[in-house]
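Colleague: requesting a structural model of the entry that follows:
(4 chains)
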4 protein chains.
Amino acid sequence: MSAPPPFDLPRRLAAEALGTGLLVATVIGSGIMAERLTEDAALALLGNTLPTGAILVVLITVLGPISGAHFNPAVTLAFWLRRAIGRDDAWRYVAAQLAGGLAGTLAAHLMFGLSPFSLSTHVRTGPAQWWAEVVAGFGLVGVILGGLRFDARAVPWLVGLFITAAYWFTASTSFANPAVALARAFTDTFSGIRPVDVPAFVLAECLGAVLATALFGWLLNPGTRPTIRGALSGD
Amino acid sequence: MSAPPPFDLPRRLAAEALGTGLLVATVIGSGIMAERLTEDAALALLGNTLPTGAILVVLITVLGPISGAHFNPAVTLAFWLRRAIGRDDAWRYVAAQLAGGLAGTLAAHLMFGLSPFSLSTHVRTGPAQWWAEVVAGFGLVGVILGGLRFDARAVPWLVGLFITAAYWFTASTSFANPAVALARAFTDTFSGIRPVDVPAFVLAECLGAVLATALFGWLLNPGTRPTIRGALSGD
Amino acid sequence: MSAPPPFDLPRRLAAEALGTGLLVATVIGSGIMAERLTEDAALALLGNTLPTGAILVVLITVLGPISGAHFNPAVTLAFWLRRAIGRDDAWRYVAAQLAGGLAGTLAAHLMFGLSPFSLSTHVRTGPAQWWAEVVAGFGLVGVILGGLRFDARAVPWLVGLFITAAYWFTASTSFANPAVALARAFTDTFSGIRPVDVPAFVLAECLGAVLATALFGWLLNPGTRPTIRGALSGD
Amino acid sequence: MSAPPPFDLPRRLAAEALGTGLLVATVIGSGIMAERLTEDAALALLGNTLPTGAILVVLITVLGPISGAHFNPAVTLAFWLRRAIGRDDAWRYVAAQLAGGLAGTLAAHLMFGLSPFSLSTHVRTGPAQWWAEVVAGFGLVGVILGGLRFDARAVPWLVGLFITAAYWFTASTSFANPAVALARAFTDTFSGIRPVDVPAFVLAECLGAVLATALFGWLLNPGTRPTIRGALSGD
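Modeller: Sure, this is the predicted structure:
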């Protein structure tokens, strides 16, 4: 998925925008559905988790061969650090992700008969939540890098399953994605985040992505223990 | 799954009818079970979602090699637009799907001790719901076309996971299937739909299917940027 | 899975007993756990469904290459009808399944601090439930035969997913297995069945298995439309 | 996964520590999240089960090629009994697992704004629970050995699904892992265990692992029925 695909730039950007849009529509739409149907917050989170994990498997399988299926500026950042994408294309990817994410908010709101956009009042802030987003960003990028290294065809499943887990084991419910975080600022529903809380989330997610790129850069590179005997014997 | 399989027409039509019937029996049966067991609407939807997603993986894997596993007139429409199925066979497929769907309603009702058929009183109408069905039909057909293009063996999973997600992120709980919509008009239980509301759902689903066929027809076809240099070098 | 494996009879019978035992322990154990933890019947069924589906994938993958992973007299019946297992071995398989199933009840009861066995008082009878068991047995055997024909490696998943769905869409919660039905007669907990109700369930399950063997025997055998031209050209 | 991988010891130990840490963070973190969100104990267990099963698939896929993805002293014990790992490396693995597990407790507590460590007051003791842990350890090691024998690529899924089931069908919610048990002694939250109860759990888990190593050592080794004819013909 990191090798340059034989699809031209317009198609790659369309895939990034479409994928991020459908991802956001799923996150926000299932959150609205869940909070309308139940009073139990754990059940609502479950109704938010399963669709998000499921759609990630689908979108990465179907759109990954076109654009690499980043759908996430923190992932694009990691690939840029690893020189798997150039600087200009990286910016274009991020722009497509941001635009697609906002379109996803719009699509979800129209499906549920809400006004096109609304500013969230959901407070998500403080060191615990920021640390949770560092862990979420670290885990997501680590899973992608490790998956690409050992079993590239499993990556859609690995990402879907990681996010399924991270919705529950991180205190922030694992946004793990700056484009999705921004799009979620414009919905005053279950999955929203106060606009003023977005920048710290974005920073934490990017920090996690950078840490994972560094650690997995070392971890996935088989170590060598050169010795004189080894060097002489060609071992 | 779009290549003409070496099965004769009676077997292909039997597979379409059997598959659509078991799909409808699962949708309606699990809905009845769920509404009997709980007062919580989110839990009931979960009890409707998991069986539907699971049976789709099973039915498409087992019957797909026989008939292509459309089970859905909107999918047959998309394949007809792409000339993967002829007009006559398309109509026969649709007839088998409609008959199978109604048999599925009957099978489910008998399992739960209900009268063979009952007209639903469940109101499902309005622009928001119709837009949701456009999105559901668009997503379903896009997922099938993208999956066939890049990882045909994954299609059963992709469809099951997409519908799992779409039950929650669309306001209509994603019927996404005219034959299933018609069959659900004849059950006055959890998953029913008022007969008068069916035509608009069918139109919206077919519109989504047409839009996906057009967009993915462009998206999945690697773009060419012909240049003199490219043409000369054979690049 | 239907080809005779290179494992000797003691190992094959041990695999059948161990597999059926762990399956029954999962069905009964998760039922006890669920009914202890919640008052909501749908949630309890969910807590019964997920473990059952999950363990089936595991057991069939790990033990299937040894014995074929029938774990079910109705499945052994279907394979005997298709001459994939001899009569003598079939009876030994059934005996191992019945013994393993009862050991599974015992193992579950001891894990939850209950007396070794207790007769169930859970009424499960009537034409609707019997019809549901016919559908369950039909579906299970159809899925196995179709899966073996088209994607044998997927069979563990197909069985696990089918049972996941059938727990909800059949009114009987899909026993679909005479050995498991008998074992469940000896637990007066969530998943039990009154001993007097077992024989009709067993008959219905076997009837479903026979019907599936017949229908899928036809469906999976590609039809021939012999013509003079075809016969002459060897087409 | 049992073959010695081409990764050096520091990377292997880092993979064991990181994997055990993320596993523990998921178990404890999702438990905290679940108990904060709902009063229903079955729903809380479900919110604990799904993330644990999901993260196991991810961690074993991504880190398995580096270290073998034991993440569990009972698994390391089984591999040592089978001579798949040397005594010295086994001890180092166990040390890395224990350290990683405690770091996981810390990471989870910080994400939810709790003090770094707290001693659990959750009583888990008695013969029924110990027997449950024997079954859990037996099942886990049996699944790993059988999976490695017949379908090594499926092992991440098999382990994730087995634990998903075992959370529900064992009365102890299937710790099945001495390193995780120890780490869970230091959290006074949903998934905790009283420190005084840990040793018996560890013993039971190791006993289960030893039993599985013995039984599956026999079961997975195709039996021979040597006859004179066979010996002469080389059959």
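Colleague: buried residues in stretch A:73-86?
Modeller: Buried residues in stretch A:73-86, defined by neighbour count with 16 or more other CB atoms under 10 Å in any protein chain shown: A:Pro73, A:Ala74, A:Val75, A:Thr76, A:Leu77, A:Ala78, A:Phe79, A:Trp80, A:Leu81, A:Ala84, A:Ile85. C-beta coordinates here come from the backbone N, C-alpha and C atoms, glycine included.
Colleague: any idea which of those residues is closest to B:Ala176?
Modeller: Nearest to B:Ala176 among the buried residues of stretch A:73-86: A:Val75, at 29.4 Å, using CB to CB.
Colleague: how about the closest one, secondary structure?
Modeller: Put simply, A:Val75 is helix when judged by DSSP: H, G, I helix; E, B strand; the rest coil.
Colleague: what ranges do the helices span in chain A?
Modeller: For chain A, the helices defined by DSSP state H cover A:9-37, A:41-67, A:73-81, A:87-111, A:127-150, A:155-169, A:178-184, A:198-219, A:228-233.
Colleague: could I get these as JSON lines with distance to A:Phe190?
Modeller: As requested, those are exported to JSON lines (distance: least, CB to CB, whole Å):
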{"stretch": "helix A:9-37", "distance to A:Phe190": "3"}
{"stretch": "helix A:41-67", "distance to A:Phe190": "6"}
{"stretch": "helix A:73-81", "distance to A:Phe190": "23"}
{"stretch": "helix A:87-111", "distance to A:Phe190": "11"}
{"stretch": "helix A:127-150", "distance to A:Phe190": "17"}
{"stretch": "helix A:155-169", "distance to A:Phe190": "12"}
{"stretch": "helix A:178-184", "distance to A:Phe190": "10"}
{"stretch": "helix A:198-219", "distance to A:Phe190": "17"}
{"stretch": "helix A:228-233", "distance to A:Phe190": "58"}
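Colleague: for those, which one sits closest to C:Gly31?
Modeller: Closest among the helices of chain A, using CB to CB: helix A:41-67, at 20.5 Å.
Colleague: re earlier: among the helices of chain A, show the one with the smallest mean pLDDT.
Modeller: For these, mean pLDDT drops lowest on helix A:228-233, to a mean of 42.
Colleague: near A:Met90, how many other residues are there?
Modeller: In this structure residue A:90 is Ala, not Met. 18 (other CB atoms under 10 Å in any protein chain shown).
Colleague: just the CA trace of stretch A:85-96, in CSV.
Modeller: Taking C-alpha atoms only, stretch A:85-96 is exported to CSV below (Å, rounded to 0.1, in the frame of the first residue of the first chain):
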residue,chain,number,x,y,z
ILE,A,85,5.2,10.1,-0.3
GLY,A,86,6.5,13.5,-1.5
ARG,A,87,5.9,16.8,0.2
ASP,A,88,3.6,18.2,-2.5
ASP,A,89,1.5,15.1,-2.7
ALA,A,90,1.4,14.9,1.0
TRP,A,91,-0.2,18.4,1.3
ARG,A,92,-2.7,17.5,-1.5
TYR,A,93,-3.6,14.4,0.4
VAL,A,94,-4.2,16.3,3.6
ALA,A,95,-6.4,18.9,1.8
ALA,A,96,-8.4,16.1,0.2
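Colleague: list the buried residues of that stretch.
Modeller: A:Ile85, A:Asp89, A:Ala90, A:Arg92, A:Tyr93, A:Val94, A:Ala96.
Colleague: hmm, who's touching that stretch?
Modeller: A:9, A:12-14, A:16-17, A:20, A:67-68, A:70, A:73, A:76-77, A:79-80, A:179 (CB atoms under 8 Å, 6 or more residues apart in numbering or on different chains).
Colleague: how much space between the nearest residue to A:Phe216 once chain neighbours are set aside and C:Tyr93?
Modeller: What sits nearest to A:Phe216 in space, not counting adjacent residues and going by CB to CB, 6 or more residues apart in numbering or on different chains, is A:Leu145, at 4.4 Å. According to CB to CB, to the nearest Å, A:Leu145 and C:Tyr93 sit 47 Å apart.
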